[in-house]
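*Asks:* Model the structure of this input:
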Amino acid sequence: MTVTLDLAHASSDTHTHKALKEVSASVMKSKKIVVVTGAGISCSCGIPDFRSSDGLYALVKQQYPDVVMKGRDLFDASLFRDATSTAVFYTFISELKRSIDTAAPAPTHHFIKTLDSKKKLLRSYTQNIDGLEARVGLLGTSCQEAKSNGKGKHKIRTKDVRNVQLHGDIHRVRCISCAAEYRCTEDHLSLFNQGTPPDCPECLSRSEARLARSARPIRVGSLRPAIVLYDEPHPLGDDIGAIQSVDVGRKPDLMIIMGTSLKVHGLKKLVKEFARVIHSSSSSSSQASGSKKPYKVIFVNKTAPSSEWDDIIDCHVAGETDEWVTDVIAEWKTKQPDDWKVQQTLVAGEGDTSMSGGFKVTKNAAVLGKPSKKAVGKKKADAAQENIAPSGYETDIQTKKAPSSPSKRRQSTSHYDNLEASPSKKRPIARPKHLMPAGERKTLFTESTNNQGNVPVDDIDALGSMDCSIRDLSMQDIQDIEPIKPRRNTKRVVKEVKARATLAVKSRQTRDRRAI
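*Replies:* Residues are numbered from 1 along each chain as shown. Coordinates of the predicted model:
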């Protein structure tokens with residue numbers, strides 16, 4: 001049975017005041033909320049209504065006085081059968097689009113965005129075509145950012161969509177022939193206001209390309225507002241059905257219905273499906289705890305729902321949606337202020353602080369326990385910095401980058417001596433870079449060394465008497481330099497000794513043979 005709570009009696013009636021607090025508590029405790037909205041949430045945004053004396057329909061009647069059309073007829077797919085009704089429709093849409101462009105999102109729109117920022121919104125479903133949800137940061141199914149670029153069967157990225165536009169978006173136009181979509185511009189509105197639809201650029205380019213190669217021209221389609229009329233299939237119907245199935249499988253725990261009369265067949269089916277899942281999960285939990293049945297399906301609207309919804313809607317809040325969401329936010333800040341401390345940071349990061357309150361303090365970021373992988377990786381990176389050589393040193397040998405295969409990498413240590421090892425076995429030796437002033441640096445070999453002439457290599461004594469002035473001026477002071485004595489090649493001496501011994505043995509054997 002549906003319980004009706006009037007917002008106007010909240011201050012005077014204690015029972016109503018207490019019940020409304022319980023409704024607010026249900027919103028605070030829920031984690032998977034489905035929101036369903038209608039035209040009622042946009043009444044306070046500055047969009048004029050259709051039927052008043054200064055409404056949009058009256059403006060259209062001034063331009064087409066002989067046309068008699070009801071309000072529903074303006075949004076029925078049958079209007080395209082007649083040229084006059086089609087012209088009236090285009091003129092009406094142009095006036096409506098200009099009114100929406102000057103409107104601003106209402107507190108109800110910001111409330112839905114707040115639920116999304118606090119990770120409580122499962123999905124938002126709306127009948128509205130004004131696109132005000134996208135202005136507060138809720139990505140809709142008609143937004144270009146939600147379109148899929150792949151070749152799959154889905155036309156939109158369902159994971160990124162936060163607001164499902166059940167009736168399309170007035171900010172976009174679609175070709176009636178090739179279904180190409182474009183953003184509605186002022187040029188489009190100027191033609192719509194005259195009752196004339198603009199031509200499709202895609203069809204025009206294809207037709208001109210065919211004429212250029214002497215092919216038969218194709219039909220050029222016209223652009224119409226990308227909204228869904230009565231008795232018309234939704235172009236994204238399969239994708240919306242897939243999104244709904246995913247949300248039902250995730251088992252939402254609360255549904256808020258605002259600003260709709262619940263008379264459209266498709267919307268009624270959607271609400272009943274969500275309500276069945278919500279009630280089945282909440283009844284089992286309430287029976288296990290033995291507590292009172294909570295409010296899980298909340299309907300906020302001036303007009304009460306029909307008797308068809310008695311077993312589906314738990315609570316009807318009679319009043320303006322903006323007033324109710326303001327009370328819920330105020331109660332939320334009072335009961336759970338810590339949520340709003342975190343929310344202040346999250347919302348401010350997205351550029352929306354309208355519902356964030358006055359808190360400026362965030363929770364302490366220090367977390368006790370096991371450090372995160374990111375922190376561990378940072379420590380390893382800092383430790384690796386210790387192995388980098390100082391900036392004033394350079395290596396004698398420019399080593400190449402280590403290969404990817406571990407078997408081909410050179411070992412960090414070697415048992416070879418750098419003096420006797422081959423060049424491939426030598427290890428780089430770090431040395432200071434430019435420790436002496438530029439004016440004191442000398443050439444490596446002096447003129448006396450270069451003018452020694454040709455000296456036989458075998459004459460070791462001659463080498464010893466040479467004035468070897470090989471100076472390593474970068475490693476020692478000029479005054480401490482002494483002539484470097486050449487080292488005799490040990491391997492060569494051993495080779496010469498072995499050769500002489502072999503020659504002596506052969507000569508002895510020769511003498512023995514002759515003696516015999």
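
*Asks:* Would you check that Trp332 makes contact with Lys29?
*Replies:* No. Using CB atoms under 8 Å, Trp332 is not in contact with Lys29; the gap is 10.7 Å. All C-beta atoms are positioned from the backbone trio N, CA, C, and that covers glycine.

*Asks:* So which of the two has more stuff around it?
*Replies:* Taking other CB atoms under 10 Å, Trp332 and Lys29 do not tie; Trp332 has more neighbours (21 against 12).

*Asks:* give me the number of residues near Met255?
*Replies:* Using other CB under 10 Å: Met255 sits among 26 other residues.

*Asks:* Likewise for Leu211?
*Replies:* The burial count for Leu211: 12, using other CB under 10 Å.

*Asks:* Could you do His9 as well?
*Replies:* Other residues near His9 come to 15 when the count uses other CB under 10 Å.

*Asks:* Repeat that for the one 3 residues further on.
*Replies:* Using other CB under 10 Å as the criterion, Ser12 is surrounded by 9 other residues.

*Asks:* One more: Glu208?
*Replies:* Residues within reach of Glu208, counting by other CB under 10 Å, total 11.

*Asks:* Equivalent analysis for Asp73, please.
*Replies:* Asp73: 15 surrounding residues under other CB under 10 Å.

*Asks:* do the one 3 residues further on as well
*Replies:* When neighbours are counted by other CB under 10 Å, Asp76 registers 16.

*Asks:* is it true that it touches Tyr230?
*Replies:* Yes. Between Asp76 and Tyr230 there is a contact under CB under 8 Å: 4.6 Å.

*Asks:* how close does the residue nearest to Gly259 when sequence neighbours are not counted sit to Lys155?
*Replies:* Excluding the flanking residues, the one nearest Gly259 by CB to CB, 6 or more residues apart in numbering is Gly40, at 2.4 Å. Using CB to CB, to the nearest Å, Gly40 is found at 29 Å from Lys155.

*Asks:* Glu273 now?
*Replies:* Glu273 is 22 Å from Lys155, where distance means CB to CB.

*Asks:* Over to Ser177?
*Replies:* For Ser177, the distance to Lys155 equals 18 Å [CB to CB].

*Asks:* helix or strand for His316, which one?
*Replies:* For His316, the host element (DSSP states H and E) is strand 315-318.

*Asks:* wait, I meant Phe89
*Replies:* Here Phe89 is assigned to helix 83-101, by DSSP H and E.

*Asks:* Render the CA-only coordinates of that helix in CSV, please.
*Replies:* C-alpha atoms of helix 83-101 as CSV (Å, rounded to 0.1, in the frame of the first residue of the first chain):
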residue,chain,number,x,y,z
ALA,A,83,3.4,18.8,-44.8
THR,A,84,1.5,21.4,-42.7
SER,A,85,1.7,19.5,-39.5
THR,A,86,5.4,18.8,-40.2
ALA,A,87,6.1,22.5,-40.6
VAL,A,88,4.3,23.2,-37.3
PHE,A,89,6.4,20.6,-35.6
TYR,A,90,9.6,22.0,-36.9
THR,A,91,8.6,25.6,-35.8
PHE,A,92,7.6,24.3,-32.4
ILE,A,93,10.9,22.4,-31.9
SER,A,94,12.9,25.5,-32.9
GLU,A,95,11.2,27.6,-30.2
LEU,A,96,11.6,24.8,-27.6
LYS,A,97,15.3,24.4,-28.4
ARG,A,98,15.9,28.1,-27.9
SER,A,99,14.1,28.1,-24.6
ILE,A,100,16.1,25.1,-23.4
ASP,A,101,19.4,26.8,-24.3
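
*Asks:* List of residues touching it?
*Replies:* Helix 83-101 is contacted from outside by 46-48, 56-57, 59-60, 63-64, 67, 69, 73-74, 79-80, 130-132, 170-171, 184, 189-197, 224-225, 227, using CB atoms under 8 Å, 6 or more residues apart in numbering.

*Asks:* Give me the subset of those that lies in strands.
*Replies:* The strands in this structure, assigned by DSSP state E, contain 170-171, 224-225, 227 from the contacts of helix 83-101.

*Asks:* Which of the residues you listed has the largest number of neighbours?
*Replies:* Among those, the one with the most neighbours (other CB under 10 Å) is Pro225, at 25 neighbours.

*Asks:* Next, work out how far apart the closest residue to that residue other than its chain neighbours and Phe80 are.
*Replies:* Spatial nearest neighbour of Pro225, chain neighbours left out: Ile93 (5.0 Å); criterion: CB to CB, 6+ apart. Distance from Ile93 to Phe80, counting by CB to CB: 13 Å.
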